[in-house]
Structures are given as structure tokens and as C-alpha cells.
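# Starting from these lines, generate the structure:
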Amino acid sequence: MASAAPHPFRIANFRYYWTARLTATLAQTAMMLIIGWQVYNIARADGLGIAAASARLGLIGLIQFLPLFALTPVTGWVADRIDRRHIARSTIALQILCAAVLGFATRAGTVDLFILYSVAFLLGIARAFSGPALSALAPNLVPRESLPNAIALSSISWQAGMVAGPGLGGYLYAWLPEASYIGAAMLFSVSLLCLFLIGPVPRPEIDRSRHPIRQMVDGLAYVRTNRLVLAAITLDLFAVFLAGATALLPVYARDILRVGPEGLAQLGAAPALGATLTALLFSFRPLKTDVGTKMLGAVIVFGVATIAFGFSTWMPLSLAALFVVGASDMFSVYVRQSLIQLSTPDSMRGRVGAVSQLTISASNELGEAESGFLAALIGPVAAVVAGGAGAIAVTLLWMRWYPELRQARTFDPSADSPRKGTG
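Model prediction:
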């Protein structure tokens, strides 16, 4: 039972992991907010209108998604074959380099779209490898009975970083533009140190008789045949892909709400604040019953809140709507990650995590591209509102097409019979 499980924070390796993820997320979200702000402002300074400048924002997401899409089969296989700590350390080192490059370029006044897009591409490569490795590493650090709490706490570190990261990046940039990147480099360095402090962890048994290409395909095959995992992953993929409101925050901050970089920081922090408080609640009171139905309800709330944000021209209402967006998204993330981690054998977690990472990136980065390009066609407000409506429609369809979600009562794979199908 969860109450008898040791608390994850009593385990030193998990504490180091938690801190590493927190500081890395702080740095990542601070950097990405400022990259978007610089891209949008360079586009507007070049004389582009709001629609054309929004399309430039959309390119950031597309550029980050492409390496992840191309590398997904490899990154999952690598996460199951190589020490996951080594992979995480290498990707953090690459991100330190990215932050340093942008810091120097911003200070020298030489930052341009080529540099910003090139760094976004390198960050996409780093995330392609770090995502499967870190998601697969967490279950190796705690006993199985502690895993739901560990997932909630891991989500807290991620969401807490997303709360403070945009604010930190926005305020540092308003004070001194290059300071946002210098701060990111320092935070990445702390993350790297914590990753080096994580001691040896259990390694999955590897079937070396199977060809590496076959092993890469196994992850995709497992997701395809496990209908519950497939439903959870694809629901997030399409809902967040359509409702990518956060991609257009620079447009809202500059041209709709007119709140500047300080307001941009607040808009960026609002959804993550809602997500953090939700994850904090789950760390003390883990969800136990009717998890599938509650996940579906959370995605519908996510769509409604996105629509409210799209129509809002009043800063307090916009912040409140984004807070609900973050809280409902975290609810869905918590259920999805718990179902995936507890339904997947450890020897497959890297490859299944890579598939999950691909869909998350498709929903986030590719969703940002979709939002930017759609905003260029029909305007930012219409694009956000249409995305929220699309997320609601997708959820209603998934309720009908995947009854496994509605029938998922608990996170225990053996407790509910409809777990796997034949595809």
C-alpha cells in the first residue's frame, strides 16, 4: 500500500535526481521564454506584422521537434542500453554550452534569428536524449510501491521549475538581457553536479540476442498493443497539440494585453503555478480511484480554460485561466505518467519513454508551430480559441474510441482487466 511505502525523499539518489530536474527545468524554461521573446521582437523590429511574427515563433517549436522526431527510435534504445545517468549528464553539459553561447551573443549585441534557431535545434537534440533517460531513471531510484509518490514529486520539481523559470528569465532579462542566459548556465551547472552525485542504480536486463533495430521497434510495438498506454499517450498528443496557447504568450504580452516582459514572465509562470500546486496535492494525497475518468475530465477542463484565455483581454482573467490550464494539464500528466510507468516493464521503459517523449514533444513543440502558423492565418485569438475547442472534441472522441481509459479504476495494472488489446 502507498501508505506503507518509504517516502522518496528519504532516498538520497532520489533527492539528487529531484534537485537536478528542478534546476534544469528552471534553466530550460527561462531560456525558452527569452528565446521566444527575442525571436518575436526581432521579427517585429524587422517590420513584420503580428501574423508574420507569430509564424516566426512557430518555427521555434518546429525546429525543436525535428531532431526529436528523427532520433526517437535511437534515444529510447540508448536509454535502455547505456547508463541513464551518463546520458542525462551529457545532455545537461550541452545545454550549458547553449546558454553560454546565447549569453555572449546577447551581451555583444550579435544575437540574431540564425543563432536563436540554431540553439533551439541543439536544445531539441538534448531533450531527445534526456527525456527517455530521465523518465526511465526515476523508477530505478525508489521501490515500486513508492513510485506514484515519486512521479508526483518528480512532476513538482518539473512544474516548480516551470513556475519560477519564466519569471526568473523575464525579470533577469528586464534587468540585464544577458543575465537570463548566465543564470540558466549556472542552474544547469547545479543540475550537472547533482547528477554526478547519484550513485549506482539498478540496470535493466538486456536481451542481447535481438538485433538493435528490432529492439528499437519493440518500444513502438509495445505502445501499439497496450491500448491503455496508447490511449493515454495519444490523448495528450492531440489535446495539447491543438490547445498550444502558451506558444503565443509573447503575442499576448506585447500586442494584446500590452504588459511587456514583466507581464510575459507572469503569464509564463501562471500555468506552471497551477500545475505545481496540483502535483503537490498528489504528492500528499495520491489519486487512487477512477483515475481514467478523472483524467478525461481534466482534459476537458484544460480545453475550456484555454478558450477563456484566448478571449481574455484583462490580465487578471488571463492569469486565472492559465492557472487552470496548468492545474488541469498536471492532473492529466500525473495520471498518464503513473499509468505508463506502472504498466511498462523496466527493460522497456527507455523505449516506451522515448515514444512518450516524442508525443509530448509533438504536442508541445509541434503544437507551438501549429499555433504560430495558425495564428498567422486566422489571428492569435481565433487560433487559441479553436485549439481549446479542439482539445474538448478530441477528449469526447477518445472516451468513445478507447473505453480502456474510462475503465481504468486504479494505477495497478493487475487490478483492471482491460489493459492490453491485440492492437
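
# The longest helix anywhere in the chain - what's its average pLDDT?
For the chain, the helix with the greatest residue count under DSSP state H is helix 12-45. Helix 12-45 comes out with an average pLDDT of 91.

# What are the buried residues along it?
13-40, 42-44 (16 or more other CB atoms under 10 Å). Any C-beta I mention is one placed from the backbone N, CA and C, and that applies to glycine too.

# same check, this time on stretch 254-265
Here stretch 254-265 shows 254, 256-257, 259, 261, 263-265 as buried, counting by 16+ other CB under 10 Å.

# outside of that stretch, which residues touch it?
With CB atoms under 8 Å, 6 or more residues apart in numbering as the test, stretch 254-265 has contacts from 33, 37, 40-41, 44, 50, 166-171, 173-174, 249-250, 253, 266-267, 313, 315, 318, 380-381.

# how many other residues sit next to the residue lying closest to T19 once chain neighbours are set aside?
Counting by CB to CB, 6 or more residues apart in numbering, T19 lies nearest to C194, which is 4.7 Å off, once chain neighbours are set aside. The tally of other residues near C194 (other CB atoms under 10 Å) stands at 22.

# what's the spacing between C194 and M32?
Distance from C194 to M32, counting by CB to CB, to the nearest Å: 21 Å.

# Same check on S157?
For S157, the distance to M32 - CB to CB - is 17 Å.

# now do A272
Applying CB to CB to A272 and M32 gives a distance of 12 Å.

# Equivalent analysis for G169, please.
G169 is 8 Å from M32, by CB to CB.

# I'd assumed A93 was in contact with A126.
No. Using CB atoms under 8 Å, A126 is not in contact with A93; the gap is 9.0 Å.

# For those two, indicate the residue with more neighbours.
A126 (23 against 14).

# In the helix or strand where the more buried one lies, which residues are buried?
Using DSSP states H and E, the element containing A126 is helix 113-141. Going by neighbour count (16+ other CB under 10 Å), the buried part of helix 113-141 is 115-117, 119-141.

# quick one: average confidence on the helix or strand just after the longest helix of the chain?
Proceeding N to C from helix 12-45, the next assigned helix or strand is helix 50-81, under DSSP H and E. Across helix 50-81, pLDDT averages out at 79.

# do stretch 234-243 as well
Rounded mean pLDDT across stretch 234-243 is 76.

# do stretch 294-311 as well
Mean predicted confidence for stretch 294-311 is 93.

# May I have it as PDB, with CA atoms only?
Provided in PDB are the C-alpha atoms of stretch 294-311 (Å, rounded to 0.1, in the frame of the first residue of the first chain):
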ATOM      1  CA  LYS A 294     -10.800  11.900 -13.900                       C
ATOM      2  CA  MET A 295      -8.100  12.200 -16.500                       C
ATOM      3  CA  LEU A 296     -10.700  12.700 -19.200                       C
ATOM      4  CA  GLY A 297     -12.500  15.300 -17.100                       C
ATOM      5  CA  ALA A 298      -9.200  17.200 -16.600                       C
ATOM      6  CA  VAL A 299      -8.500  17.400 -20.300                       C
ATOM      7  CA  ILE A 300     -12.000  18.900 -20.900                       C
ATOM      8  CA  VAL A 301     -11.300  21.500 -18.200                       C
ATOM      9  CA  PHE A 302      -8.000  22.200 -19.900                       C
ATOM     10  CA  GLY A 303      -9.800  22.900 -23.200                       C
ATOM     11  CA  VAL A 304     -12.400  25.200 -21.500                       C
ATOM     12  CA  ALA A 305      -9.700  27.200 -19.700                       C
ATOM     13  CA  THR A 306      -7.700  27.600 -23.000                       C
ATOM     14  CA  ILE A 307     -10.800  29.100 -24.600                       C
ATOM     15  CA  ALA A 308     -11.200  31.500 -21.700                       C
ATOM     16  CA  PHE A 309      -7.600  32.600 -22.000                       C
ATOM     17  CA  GLY A 310      -8.000  33.100 -25.800                       C
ATOM     18  CA  PHE A 311     -10.900  35.500 -25.400                       C
END
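
# Pull the residues that contact it.
232, 235-236, 239, 243, 245, 287, 317-318, 321-322, 324-325, 328-329, 331-332, 335-336, 381-385, 387-392, 394-396, 398-399, 405-406.

# Need the three-state assignment for T110.
Following DSSP: H, G, I helix; E, B strand; the rest coil, we place T110 in the coil state.

# and it, backbone torsions?
phi -110, psi 10 (degrees, to the nearest 10).

# what number of residues lie near it?
9.

# how much space between it and S180?
Taking CB to CB, one finds T110 at 16 Å from S180.

# Could you export the buried residues of stretch 254-265 as JSON lines, including distance to A279 and pLDDT?
What follows is those, written out as JSON lines (distance: CB to CB, whole Å; pLDDT from 0 to 100):
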{"residue": "R254", "distance to A279": "30", "pLDDT": "87"}
{"residue": "I256", "distance to A279": "29", "pLDDT": "91"}
{"residue": "L257", "distance to A279": "27", "pLDDT": "93"}
{"residue": "V259", "distance to A279": "27", "pLDDT": "89"}
{"residue": "P261", "distance to A279": "27", "pLDDT": "79"}
{"residue": "G263", "distance to A279": "25", "pLDDT": "88"}
{"residue": "L264", "distance to A279": "24", "pLDDT": "84"}
{"residue": "A265", "distance to A279": "21", "pLDDT": "79"}
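
# which among the residues you listed gets closest to I87?
Set against I87, the nearest of the buried residues of stretch 254-265 by CB to CB is A265 (31.3 Å).

# So that closest one, which state does it fall into?
Per three-state DSSP, A265 ends up helix.

# Grab the nearest non-local neighbour of it.
Here the residue nearest A265, using CB to CB, 6+ apart, is G170, at 2.6 Å.

# E368 against A245, yeah?
No. Using CB under 8 Å as the test, E368 is too far from A245 to be in contact (10.0 Å).

# what about the two, which has more around it?
It is A245, of E368 and A245, that has more neighbours when counted by other CB under 10 Å, with 30 against 26.

# Lovely, talk soon.
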